[in-house]
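Trainee: Provide a 3D model corresponding to the input given below.
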Amino acid sequence: MMLMALALMPFAAPAGPPASCDLLFAGGRVVDGTGAPWFRADVCVVGERIAAVGNLAGVPARRRIDAQRLMVSPGFIDMLGQSEYNVLVDPRAASKITQGITTELTGEGSSIAPVNARMIADGKDVWAHYGVTPDWTTLEGYFRAFGRARPTINLGTFVGAGGVRDLVVGKDDRPATPDELEAMARAVAEAMEQGAFGLSTSLQYVPDRFASTEEIIALARVAARYGGSYITHQRSEGDDIDASLDEVFRIAREARLPVQIYHLKTSGKANWGRMPQVLGRIEQARQQGLDVSADMYPYAASSNSLDASLPIWVREGGHEKLLARLRDPATRERARKSFLDENPDWPDGGATRIMVVSVLEPALKKYEGKTLEEIGREEGKDPWDVLVDMVIADKGNAGKITFSMSEDDVRAALRHPLVSIGTDSGARATDGVYAREKSHPRAWGSAARILGRYVREEKLLSLEEAVRKMTSLPASRMGLHDRGIVRPGMMADLVAFDPEAVRDRSTFADPLHYSEGIPYVAVNGRLVVDEGRITDERPGRILRGPGGKR
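Mentor: Here you go, the predicted structure:
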């Protein structure tokens, strides 16, 4: 059904070969994104669209690329890109385009807009560090800022229910009043009309965690009125994953809209081996008529803020209240007891599985790339105290990597036909402000890792299926009807890669390395990577969801 829908695109193919091409990939093996076997063909680009695919030997071209040894595919679509702010700081999106990513979907839980003056003030440490303070309050205002920045990649965003809750209610743990819920619904409607793709939640974080299922359903129904979908970092990815899936399916059923589960995982050693069961539940939900799918990143470690390790009651109300609680000795001890109750495996190596990955405070830079166990051993401190002291010293801004998943579960999800790919990381670079901190390797190598490790080396997936998961599958889920397939009339987001050389080079210990084996990347018909080098082209554009297209 997906391929049938994509086949009915409203773009008419030319009646014959074009008179000339602006860009021609000559003689490559085309992996068209549908999952069909590769075929040998030339791909002609005129302007921003694919003009022809076939034998075009006699057609002149302003730029002809010999693709005989390369695979030519659609540009990869990152289902959870997180670069909405990063591209304002560094518009190159370097770590993304060098792994073939040409489009991001973003906006997890707390989206880039809508915001108000209080929310902007809350982020003052981040804005000061990276040099870009929001001058917008609405999604439309952010889109204008994106246009001024001229990034390399295309970007579409969801409106975050957590951000809307913060806008209206704040970060306190209480139900929204009827008037507040109505105000939240109006904010969602405005964002949908301005181009959001739907509603998102991130239900393990403040303030999303404080939303009831009924509140989410009410907001999701607003998104549904505009043809949008619901996408979620579900409430539990560990011990309570079954109840969490029940909530996801209930929202899909009662709000009557498509649902996507962010970064699907079964986290925590007690849950290793449960991924086939989780995938089975998604299949069962679809058999019952619910339009549910998922995405993932191809690593067995997650990444988020260091303070996310703390009990939710400690984090309620935002960073200032969090820090005040941790500075109080009695409350800190209460937090320790609550933390140990929530993490019974902590004495069994829990501190070895949490690595400090990024900090804003310069004096803390020496801790990046070290686990809480390593820091504690070096300083003669209990790892719990390391965690708390680090959160306080970096004012809640420190980031972490947590080694919490089974590689077998990662492989099981990666094989599944309903699971697309996302990095869950913003774009990085080997120079500039983002080179001054470590990061999760998924920001640098997710797509290349799939093509190199899981396709070429392990043969877990066919090349065609892996490309489908990164192109036409996310395009069809998001309604990007002119992207995700190599076909005349489609937008010319294209990747040419060497199937024998493509690989990720970023590691947890040494992450700041671009992927290899992807010499050419085009966005909207213009080369942003040319012979392996990042060019000065900045052709990225905002993609609008169904409500914003009216």
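
Trainee: could you pull out the strands for the stretch 151-300 of the chain?
Mentor: Assigned by DSSP state E, counting those that start in this stretch, the strands in the stretch 151-300 of the chain fall at 154-157, 159-160, 198-202, 229-233, 259-261, 292-296.

Trainee: Looking at these, which is nearest to residue 521?
Mentor: Ranking those by proximity to residue 521 (CB to CB) places strand 154-157 first, at 12.2 Å. All C-beta spots, glycine's among them, are computed from the backbone N, C-alpha and C.

Trainee: could you dump the strands of the stretch 151-300 of the chain to TSV with distance to residue 361 and mean pLDDT?
Mentor: Shown next, in TSV, are the strands of the stretch 151-300 of the chain (distance: least, CB to CB, whole Å; pLDDT from 0 to 100):
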stretch	distance to residue 361	mean pLDDT
strand 154-157	29	98
strand 159-160	27	98
strand 198-202	25	98
strand 229-233	27	98
strand 259-261	34	98
strand 292-296	32	98
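
Trainee: helices or strands up against the helix or strand residue 469 falls within?
Mentor: Assigning secondary structure by DSSP states H and E places residue 469 in helix 463-470. Packing contacts for helix 463-470, counted by 3 or more CB pairs under 8 Å, 6 or more residues apart in numbering; DSSP states H and E, involve strand 71-74, strand 419-421.

Trainee: Same list, the strands of the stretch 151-300 of the chain, but as a markdown table with mean neighbour count and distance to residue 331 please.
Mentor: Formatted as a markdown table, the strands of the stretch 151-300 of the chain follow (neighbours: other CB atoms under 10 Å; distance: least, CB to CB, whole Å):
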| stretch | mean neighbour count | distance to residue 331 |
| --- | --- | --- |
| strand 154-157 | 26 | 37 |
| strand 159-160 | 30 | 29 |
| strand 198-202 | 30 | 25 |
| strand 229-233 | 26 | 27 |
| strand 259-261 | 26 | 35 |
| strand 292-296 | 25 | 37 |
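
Trainee: Look up the pLDDT of the spatially closest residue to residue 57 that is not a sequence neighbour for me, please.
Mentor: Computed as CB to CB, 6 or more residues apart in numbering, the closest residue to residue 57 that is not its neighbour in sequence is residue 42, at 7.2 Å. As predicted, residue 42 sits at a pLDDT of 98.

Trainee: how close does residue 42 sit to residue 502?
Mentor: Counting by CB to CB, to the nearest Å, the separation of residue 42 from residue 502 is 21 Å.

Trainee: And for residue 58?
Mentor: 31 Å.

Trainee: Which one's more surrounded, the two?
Mentor: Using other CB atoms under 10 Å, the more surrounded residue of residue 58 and residue 502 is residue 502, with 27 against 6.

Trainee: Just the residues contacting the helix or strand just after the helix holding residue 469, thanks.
Mentor: Where DSSP H and E defines the elements, the next helix or strand beyond helix 463-470 is helix 472-478. Contacts of helix 472-478 with the rest of the structure, by CB atoms under 8 Å, 6 or more residues apart in numbering, involve 2-3, 5-6, 33-35, 74, 77, 79, 105, 156, 197, 229, 258, 260, 293, 295, 420-421, 480-481, 483-485.

Trainee: can you check stretch 335-343 too?
Mentor: With CB under 8 Å, 6+ apart as the test, stretch 335-343 has contacts from 309, 310, 311, 313, 314, 325, 326, 346, 350, 384, 388.

Trainee: Stretch 446-453 now?
Mentor: Stretch 446-453 is contacted from outside by 76, 78, 99-101, 297-299, 414, 421-423, 461, 463, 466, 469-470, 497, 499, 502-504, 515-518, using CB under 8 Å, 6+ apart.

Trainee: Now do the helices in the stretch 251-400 of the chain.
Mentor: For the stretch 251-400 of the chain, applying DSSP state H, counting those that start in this stretch gives helices covering 275-287, 312-315, 319-327, 329-342, 372-379, 383-393.

Trainee: any idea of the angle the first one forms with strand 292-296?
Mentor: Note on geometry: by axes from the mean of the first three to the mean of the last three CA atoms, to 10 degrees, helix 275-287 and strand 292-296 are set 150 degrees apart in direction.

Trainee: i'd like the first residue to be 42 from this point on
Mentor: With the count now opening at 42, the last piece we talked about shows up as helix 316-328.

Trainee: and stretch 246-256, how far apart are its ends?
Mentor: With CA to CA, to the nearest Å as the measure, stretch 246-256 spans 16 Å from end to end.

Trainee: Stretch 539-557 now?
Mentor: This stretch, stretch 539-557, spans 9 Å end to end (CA to CA).

Trainee: residue with max distance from the center of the protein?
Mentor: Largest separation from the mean C-alpha position in the chain: residue 99, at 41.5 Å (CA atoms, centre = their mean).

Trainee: For stretch 276-288, the averaged confidence score.
Mentor: Averaging pLDDT along stretch 276-288 gives 97.

Trainee: again with stretch 515-534
Mentor: Across stretch 515-534, pLDDT averages out at 98.

Trainee: re the thing from before, return the closest of the contacts of stretch 376-384 with respect to residue 569.
Mentor: Nearest to residue 569, judged by CB to CB, of the contacts of stretch 376-384 is residue 350 at 37.1 Å.

Trainee: correct me, but that closest one touches residue 431?
Mentor: No. At 10.1 Å, residue 350 does not count as touching residue 431 under the criterion of CB atoms under 8 Å.

Trainee: measure stretch 76-93 end to end?
Mentor: From its first residue to its last, stretch 76-93 covers 20 Å (CA to CA).

Trainee: Filter the contacts of stretch 376-384 down to the buried ones and hand me the PyMOL line.
Mentor: Provided next is the PyMOL selection string for whichever of these are buried by 16 or more other CB atoms under 10 Å:
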select buried, resi 350+351+352+355+366+367+387+391+425+429
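
Trainee: and which of the contacts of stretch 376-384 is nearest to residue 448?
Mentor: Comparing the contacts of stretch 376-384 against residue 448 with CB to CB places residue 391 closest, at 19.2 Å.

Trainee: Could you pull up the contacting residues of that closest one?
Mentor: 384, 424.

Trainee: again with residue 212
Mentor: 247, 248, 357, 358, 359, 362.

Trainee: Quick test: name the residue nearest the centre of this protein.
Mentor: For the chain, the residue nearest the mean C-alpha position is residue 121 (1.6 Å; CA atoms, centre = their mean).

Trainee: gap between the closest residue to that one other than its chain neighbours and residue 485?
Mentor: In this structure, residue 121 finds its nearest non-sequential neighbour in residue 463, 3.4 Å apart by CB to CB, 6+ apart. Distance from residue 463 to residue 485, counting by CB to CB: 14 Å.

Trainee: Surely residue 413 and residue 423 touch.
Mentor: No. At 9.5 Å, residue 413 and residue 423 do not qualify as touching, with contact defined as CB under 8 Å.

Trainee: Looking at the two, which one has more neighbours?
Mentor: The neighbour comparison of residue 413 against residue 423 (other CB under 10 Å) goes to residue 413, with 26 against 13.

Trainee: Three-state assignment for residue 450, please.
Mentor: Using DSSP: H, G, I helix; E, B strand; the rest coil, the structure places residue 450 in helix.

Trainee: Next, find the distance separating it from residue 318.
Mentor: Residue 450 sits at a distance of 10 Å from residue 318 (criterion: CB to CB).

Trainee: Quick check: which element contains residue 466?
Mentor: Counting by DSSP H and E, residue 466 is part of no helix or strand.

Trainee: contacting residues for it?
Mentor: Counting by CB under 8 Å, 6+ apart, residue 466 touches 122, 123, 338, 344, 480, 481, 483, 484.
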